[in-house]
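**Q** sequence first, predicted coordinates after that:
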Amino acid sequence: MQHNYKLDGPKVVALKSPRAVTFCILIATLAVRARAQFANADLELATHATSPAFATVPITFTVVVKNLGPDYVTGVEVNNQVPEGSAVSLATVVHSDGREFPGGCFVGTVGSLAGSVSCSVGSIDVNQFATITIVFTAPEGHQTVHSWTFAGLNNETNLANNDVETTLQVLPAAAIPVASAFLLMLLGLALAIVGWVRTAV
């Protein structure tokens, strides 16, 4: 007995239906979420800031989020709260392989969002990391930057290293020029004394 099969079978025709396409997308999404929910990851945060810091002088603040494993992690977010009265001029996300995450960072400027820098990091493989760089100016005084992260759809195995508070001592903007002028004055006075001694001898 001979059978004839059409390449344009029911499965191909079914996918042409909008409902079928939506259904397939839904199944794929649920599959990704189901996989993530059974995956475990330990995200670790580390921060570094310009030191010393001076008011009105841009401060470079970096946050490194690393996946300690044991599984691949997706949907990573890193949030930061810079000091009240700060002005953020730059916020970027770069992965350890050099790629920049297209989602980037959102800088809040109004109401309760003022001073917040929320960064979408995306996915991080095991033992890989992403670096968030934030450049801002802050008012003088004892300041704190609060940073925290969460592992998206994955199960976070260790919450103790997901939250970091970084203390900044922001000095007055006039501290550097005043110190420089004072040193120049002392140097000028010393040279004048040396010149007077030589002339007297």
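**A** Looks like it came in fine. Everything numeric here is computed off the predicted structure, so don't read it as measured data.

**Q** hang on, M185 in a helix?
**A** Yes. Assessed with DSSP: H, G, I helix; E, B strand; the rest coil, M185 lies in a helix.

**Q** adjust the sequence numbering to begin at 195 for everything that follows.
**A** With the count now opening at 195, the last piece we talked about shows up as M379.

**Q** how about the helices in this protein?
**A** Taking DSSP state H, the helices of the chain run over residues 204-209, 212-231, 369-394.

**Q** lowest-confidence helix or strand of this protein?
**A** Scoring the helices and strands of the chain by mean pLDDT, DSSP states H and E places helix 204-209 at the bottom, with a mean of 46.

**Q** where does the chain have low pLDDT?
**A** Along the chain, segments meeting pLDDT under 70 span 195-232, 296-297, 347, 369-378, 381, 385, 388-395.

**Q** biggest strand in it, by residue count?
**A** strand 253-264 (DSSP state E).

**Q** tell me which residues in that strand are buried?
**A** For strand 253-264, burial by neighbour count (16 or more other CB atoms under 10 Å) applies to 253, 255, 257, 259-261. Glycine gets a C-beta too; all of them are placed from N, C-alpha and C.

**Q** same question for stretch 343-359.
**A** 343-348, 350, 356, 358.

**Q** farthest pair in those residues?
**A** L347 and V358 (22.6 Å; CB to CB).

**Q** which other helices and strands does the longest strand of the chain contact?
**A** Counting by 3 or more CB pairs under 8 Å, 6 or more residues apart in numbering; DSSP states H and E, the packing neighbours recorded for strand 253-264 are strand 234-243, strand 267-275, strand 310-318, strand 323-331, strand 335-344, strand 357-365.
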